[in-house]
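>>> sequence isn't available, so here's the structure alone:
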């Protein structure tokens, strides 16, 4: 089994509001990969086929020297109106609500809940299966189930306690430049008031926040509008920050900042143009 992160499937329940699930069907498993099949109402996970082996950990690696870097790529494909965006947005709501239920956020940046969500998200992290579940909009009762291996199956057996969340959960950075995506005006039925600040979506437009919450949307939008000039100006200090990190790296390719040690970056001239080499 691959040791990197991978989404497995999403299941929506009848209690999910129709404005959230839209064209998606209740009770159906929407798979993000074809490696596994979920049975027993979500209580067990099996390999889809003995002939369908998961990709090796280094399948997507370009540099053979970076064997410790595991990469997993997944794509959701479909025609307009098939529910691709709806799937992603339900995942975002689950992550947002779970951060509230388990207090995975800083005191200075508390998110708002997305109401009327009822769904389960299945994923693999570091070789272990998990299921994030919210039933009938019960945010405080959200559960993060863990699975254990029994023969050729993975059986749901325990709830991940708060003290182990750091190892059992994940952080998501979402980038979407579509003109029609993530407009708070279109989420008024999920708001607690009439202002943008009363909508859960408004509070996940942030970046460079030190992972104060497990979800961050990019770029920032105000009532659906993206200020491209603002994004351009914000890119400059990020570029400067990257250059500083390169200069600060020591002989071991690491640097220290605010008492923490990070891996630095090394830039080298490959001596030729990949673009010119690979195009006619």
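That came through, no problem. Keep in mind it's a predicted model, so treat the numbers as computed, not measured.

>>> low-confidence bits of the stretch 101-250 of the chain, can you list those?
For the stretch 101-250 of the chain, applying pLDDT under 70 flags the ranges 106-109, 166-168, 206-211, 242, 245-250.

>>> can you show me the strands along it?
For the stretch 101-250 of the chain, strands defined by DSSP state E, counting those that start in this stretch occupy the ranges 119-125, 128-134, 143-150, 153-159, 172-175, 215-218, 221-222, 225-226.

>>> out of those strands, nearest to residue 19?
Across these, residue 19 has its closest neighbour in strand 119-125 (13.8 Å, Cβ to Cβ). C-betas here are computed from N, CA, C, even on glycine.

>>> so what strands line up beside that closest one?
Applying DSSP bridges, strand 119-125 is found paired with strand 6-12 (antiparallel), strand 128-134 (antiparallel).

>>> between that strand and strand 153-159, how many degrees?
Calculated by axes from the mean of the first three to the mean of the last three Cα atoms, to 10 degrees, strand 119-125 forms an angle of 110 degrees with strand 153-159.

>>> show residues contacting strand 119-125.
With contact meaning Cβ atoms under 8 Å, 6 or more residues apart in numbering, strand 119-125 is reached by 1-2, 5-13, 16, 21, 38, 42, 45, 90-91, 93-94, 129-134, 168-170.

>>> redo the strands of the stretch 101-250 of the chain as JSON lines? Include mean neighbour count and distance to residue 102.
Listed next are the strands of the stretch 101-250 of the chain as JSON lines, based on neighbours: other Cβ atoms under 10 Å; distance: least, Cβ to Cβ, whole Å:
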{"stretch": "strand 119-125", "mean neighbour count": "22", "distance to residue 102": "14"}
{"stretch": "strand 128-134", "mean neighbour count": "22", "distance to residue 102": "10"}
{"stretch": "strand 143-150", "mean neighbour count": "16", "distance to residue 102": "8"}
{"stretch": "strand 153-159", "mean neighbour count": "15", "distance to residue 102": "11"}
{"stretch": "strand 172-175", "mean neighbour count": "12", "distance to residue 102": "15"}
{"stretch": "strand 215-218", "mean neighbour count": "20", "distance to residue 102": "13"}
{"stretch": "strand 221-222", "mean neighbour count": "17", "distance to residue 102": "27"}
{"stretch": "strand 225-226", "mean neighbour count": "14", "distance to residue 102": "31"}
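
>>> which of those sits closest to residue 191?
With Cβ to Cβ as the measure, strand 221-222 is the member of the strands of the stretch 101-250 of the chain nearest residue 191 (15.0 Å).

>>> what pairs with the closest one, parallel or antiparallel?
Sheet pairing of strand 221-222 (DSSP bridges) gives strand 225-226 (antiparallel).

>>> which residues does the partner strand contact?
So strand 225-226 is contacted by 177, 179, 219, 220 (Cβ under 8 Å, 6+ apart).

>>> do that again at 10 Å, thanks
By Cβ atoms under 10 Å, 6 or more residues apart in numbering, the residues outside strand 225-226 that reach it are 176, 177, 178, 179, 181, 182, 183, 218, 219, 220.

>>> the first one: neighbour count?
What that stands for is residue 176. Neighbours of residue 176 under the rule other Cβ atoms under 10 Å: 14.

>>> please apply the same query to the fifth one.
If you count neighbours by other Cβ under 10 Å, residue 181 ends up with 16.

>>> touching, it and residue 84? I think so.
No. When contacts are counted by Cβ atoms under 10 Å, residue 181 is not listed as touching residue 84 (11.3 Å).

>>> hang on, the earlier thing: ok, and the most crowded of the contacts of strand 225-226?
Going by other Cβ under 10 Å, residue 182 tops the contacts of strand 225-226 with 21 neighbours.

>>> in this protein, which helix has the most residues?
When the chain is parsed with DSSP state H, its longest helix is helix 228-248.
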